[in-house]
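J.: Requesting a structural model of the entry that follows:
(2 chains)
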2 protein chains.
Amino acid sequence: MKDKQQNVLIIGAGLCGSLLALRLGQRGYNVSVYEMRPDLRKVDISAGRSINLAFSDRGIKAMKMVGIQDKVEPLCIPMNGRMLHDLEGNTTLAPYSGRDHEYINSISRGGLNALLLDEAEKHENVTIHFNKKCKAVDFEKTTATFKDYDTNKEFVEDADVIIGTDGAGSALRKSYYLEKKFLFSFSQDWLSHGYKELSILPDESGGFKTYKNALHIWGREAFMLIALPNLDGSFTVTLFLSFDEGEYNFNNLTTKERVLEFFEKYFKDALELMPNLVDDFFENPTAPLGTVKCSPWHFKGNTLLMGDAAHAIVPFYGQGMNASFEDVVEFDKVLDEGHTDWETIFKVYEKNRKKDTDAIADLAIDNFYEMKGHVNHTNFREKRNLEMAFEKTFPNEYSSKYSLVTFNEDIGYRDAMVRGRAQDKAILNMLADGTLKIDDDLRSNLEKVKTETENILQDDRIAGLKS
Amino acid sequence: MKDKQQNVLIIGAGLCGSLLALRLGQRGYNVSVYEMRPDLRKVDISAGRSINLAFSDRGIKAMKMVGIQDKVEPLCIPMNGRMLHDLEGNTTLAPYSGRDHEYINSISRGGLNALLLDEAEKHENVTIHFNKKCKAVDFEKTTATFKDYDTNKEFVEDADVIIGTDGAGSALRKSYYLEKKFLFSFSQDWLSHGYKELSILPDESGGFKTYKNALHIWGREAFMLIALPNLDGSFTVTLFLSFDEGEYNFNNLTTKERVLEFFEKYFKDALELMPNLVDDFFENPTAPLGTVKCSPWHFKGNTLLMGDAAHAIVPFYGQGMNASFEDVVEFDKVLDEGHTDWETIFKVYEKNRKKDTDAIADLAIDNFYEMKGHVNHTNFREKRNLEMAFEKTFPNEYSSKYSLVTFNEDIGYRDAMVRGRAQDKAILNMLADGTLKIDDDLRSNLEKVKTETENILQDDRIAGLKS
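T.: Residues are numbered from 1 along each chain as shown, chains lettered A, B, ... in the order given. Modelled structure (predicted):
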């Protein structure tokens, strides 16, 4: 598929679509991208949602693939750990890794997207069209119908292949589901919690009002607040809260007084940094948190879903963007294999990739519970302390589940999940039954964890007759 | 909700809908049932699909609840175990339980449905309308629109509550999904295999051509054939086969010669009993195998999904009908609790019930792999032999996963799954590492299995921070 001048139509110029356009442009394909929104480099289209994102090694690997890592770096603010805020306002920095060079970054969604669009457009064989909304895809004929928001007219485009990177509400995925022309497995799962973005503005001199290099968490079991830093000195704050359960929920936080009462009671130190809270609260939308899985991702060799369109996940592992970028890396690998038809390429790609995107979807939900509550539990903290010590003292011998998922871009999400869960289970159980004691020799503790992890993996293999 | 003369509208007079109508009729509600098909007591509407079903203790419990167990019994053919047929035509009877009184039954779907309709209609407060297809449900107004196939006219019915027992393709569930008026979690998952029903006809004197009291299985790893007996001396045979993978699949079995070649090669002894194979094969439809899960099952106190409409499962545990009947038992229990509004009743019912229907859905998929292949594996057979010996010798001390699911109607599916899987894991691992030896003292083996099962459950509890 390398030699032929194939026409690739991409629906959606978000993070995944623009990276894909750039990469396919580099590979010499004729690429047309259609995006329903205006060009974010010319118009401010942030709508109080996902202003910044966590960016880590899998995403960095993708940037290296397209050769723009040096341009991305200035957009990043390193976050070395979780800054845990308790009810009294006491804080503890819980590092993400025992290895100093392992940290995640806060990055501006808009800034990164703009860079990717700029880089993609440098290629003559890549064109990007804004204000063109996809109305329908005919996946049998490989054509897409768009509405031009500038002229209000509809038009049809055809291509050799159409790739839908049109996000969680993908038009292409909807057509797979609704037209029932093949057996399409599909799931959408909503959490009982929604989210709302708020902000901590910069101080008067443009500095950060609280510690810059961390992901701040106010975990309160039933709900939580988090904050990620922005380059302008502000923090984007997100409240995760049930729609309708508990004493305080989105449905009953309807007055200024009640919102302030809620924050006074549970997030006192955050409230002090947010004089703008009430305005933000009532101006910004409340959005749901969903997981989407589906299969197949492709229809024959005609159309393919990538990124959130194929696998939308909840944000709690900070892997949504990284997973979508990794899609492009994995797709690129399959293109390197020299298959002679798109159907094979799409099939191989899905076979390689889906197990990993299913895994990160499940991990992201696990982490919701971890962040809200477990970070405050004694057994969880002991486990983390032990793991940090392992990573620090034996950097080549141990990686926690978090490290496997976040900092080990050459291990797939699925393998990271299986090993990481087995390690967690080993440590938690050995702490519970006294086999592992925090004050014992670290090397001997590491060996115990390694041995017990292997036992757990082995037992699961024997019992898991399916695999 | 007991005293008021509430009007309950039920969509669908299949097995679940007709049992529900009967039970609500017994409780004094005004019940109207609308069914799209003709009255199966007057017209033969079997369409080459699911002519007979497995009927076991959870279903029997429901029949006892409505007091018709004595009328159901004559419809049943006991199946004491799996009759395994190997490639050479050798057979082995693998019992379902070590306790003689534990067996499952083959029952005619039509016969049982007719009985339930008869019983329901004995109540003056129950009316059943046939040939009325539900076109749409307005779950905010609690009204349903039907098309009358007799007059071709549409009409609208309202009710205090509407319960959709309209099967895997539920119109009510579709309206929840498509109207997007609340966050509706939903999944449909298709197996790569489909199924086709075939038949072994009675012999010339009306007798059974092969052993009557078993569920026959020809498990061939990649595909399988099963057969269940009918009262008329025939067997309903079902072929489970991939649509498009492997040397033989539904998509490429397109000629008489190829179908015969396939059966000659893999199901020689079955073929000898099926001179009618080729006609059946090309006359009967090939159908997909899907799992449906969703939540919430209800919209406020207006509408509720029950049976396959709420949780369609694959047929491999023989629990589809039993689970739907158990829905009615569980719903009935909640009605007994004396709640004063339907919304609470629906909420409590879903909270109690969904964990169990999720579990049987997963168990049914596990059993697909067990029936196709594991029944032939040495480690699996050793495990089953040991379990049969436990159940026979210590009938009050041990139940296998199969027994927990099938014969222990007072244990929920979820608990049966968790305990059953832990037992399987314990036995398979101890057989693999030599801790358990088949020839050791049975009592000592039982104690080992019990202890290891408790360890596994305990370890999972400690590691499973979510619960």
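J.: and A:Phe240, bridged to which residues?
T.: In this entry, A:Phe240 is beta-bridged to A:Tyr195, A:Met224, by DSSP bridges.
J.: ok, now how distant is it from A:Lys256?
T.: 21 Å (C-beta to C-beta, to the nearest Å). Where C-beta positions appear, they are placed from N, C-alpha and C, glycine not excepted.
J.: Which residue of those two possesses the greater neighbour count?
T.: Neighbours of A:Phe240 and A:Lys256, each counted by other C-beta atoms under 10 Å in any protein chain shown, are more numerous for A:Phe240; the result is 23 against 13.
J.: my guess is that one meets A:Tyr369, correct?
T.: No. Contact between A:Phe240 and A:Tyr369 fails when scored by C-beta atoms under 8 Å: they sit 11.4 Å apart.
J.: Which secondary structure element is home to the residue of chain A found nearest chain B?
T.: Nearest residue of chain A to chain B (C-beta to the nearest C-beta) works out as A:Ser187 at 3.3 Å. Secondary structure from DSSP states H and E places A:Ser187 in strand A:185-200.
J.: Same question for that strand: list its buried residues.
T.: For strand A:185-200, the neighbour count (16 or more other C-beta atoms under 10 Å in any protein chain shown) marks A:185-191, A:193-200 as buried.
J.: and A:Asp166, how many neighbours does it have?
T.: 29.
J.: per-residue pLDDT, it?
T.: Looking at A:Asp166, its pLDDT reads 97.
J.: cool, and the one 10 residues further on?
T.: What the model reports as pLDDT for A:Tyr176 is 96.
J.: Would you enumerate the residues in contact with it?
T.: A:139, A:182, A:184, A:186, A:294, A:299, A:305 (C-beta atoms under 8 Å, 6 or more residues apart in numbering or on different chains).
J.: Out of the residues you listed, grab the one that's most surrounded.
T.: A:Leu305 leads the contacts of A:Tyr176 on contacts (other C-beta under 10 Å) with 27 neighbours.
J.: surely A:Pro315 meets A:Leu363?
T.: No. Judged on C-beta under 8 Å, A:Pro315 makes no contact with A:Leu363 at a distance of 12.0 Å.
J.: Compare these two (neighbour count), which wins?
T.: A:Leu363 (25 against 19).
J.: So that one lies in a strand, does it not?
T.: No. Under DSSP: H, G, I helix; E, B strand; the rest coil, A:Leu363 falls outside any strand and is assigned helix.
J.: did I read that right, A:Glu73 in a helix?
T.: Yes. Under three-state DSSP, A:Glu73 falls within a helix.
J.: What is the neighbour count of it?
T.: A:Glu73, neighbours per other C-beta under 10 Å, totals 12.
J.: Ok, A:Phe331 next?
T.: A:Phe331 has 22 nearby residues by other C-beta under 10 Å.
J.: how about the CA coordinates for stretch A:23-34, as CSV?
T.: C-alpha atoms of stretch A:23-34 as CSV (Å, rounded to 0.1, in the frame of the first residue of the first chain):
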residue,chain,number,x,y,z
ARG,A,23,1.8,10.4,9.5
LEU,A,24,0.0,9.4,6.4
GLY,A,25,1.2,12.6,4.7
GLN,A,26,4.7,11.7,5.6
ARG,A,27,4.1,8.2,4.1
GLY,A,28,3.0,9.8,0.8
TYR,A,29,-0.7,9.2,0.8
ASN,A,30,-3.1,11.8,-0.6
VAL,A,31,-4.9,12.8,2.6
SER,A,32,-8.1,14.9,2.9
VAL,A,33,-9.3,15.8,6.4
TYR,A,34,-12.8,17.1,7.2
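J.: gap between that stretch and the chain center?
T.: When distances are taken as C-alpha atoms, centre = their mean, to the nearest Å, stretch A:23-34 is centred 24 Å away from the chain's centroid.
J.: Quick check: residues of the stretch 251-400 of chain A near chain B?
T.: A:288, A:290, A:293, A:366, A:369-370, A:374, A:377, A:380 (C-beta under 8 Å from any C-beta of the partner chain).
J.: Of those, which qualify as buried by neighbour count?
T.: A:290, A:293, A:366, A:370, A:374, A:380.
J.: Which members of these occur in strands, if any?
T.: Secondary structure assignment by DSSP state E places A:290, A:293 of those in strands.
J.: Just give me the least confident of the buried ones among the residues of the stretch 251-400 of chain A next to chain B.
T.: Lowest pLDDT among those: A:His374, 72.
J.: what's the closest non-adjacent residue to that one?
T.: Closest residue in space to A:His374, ignoring its immediate chain neighbours: A:Phe380 at 4.2 Å, by C-beta to C-beta, 6 or more residues apart in numbering or on different chains.
J.: low pLDDT regions in chain A?
T.: A:1-4, A:46-50, A:375, A:465-467 (pLDDT under 70).
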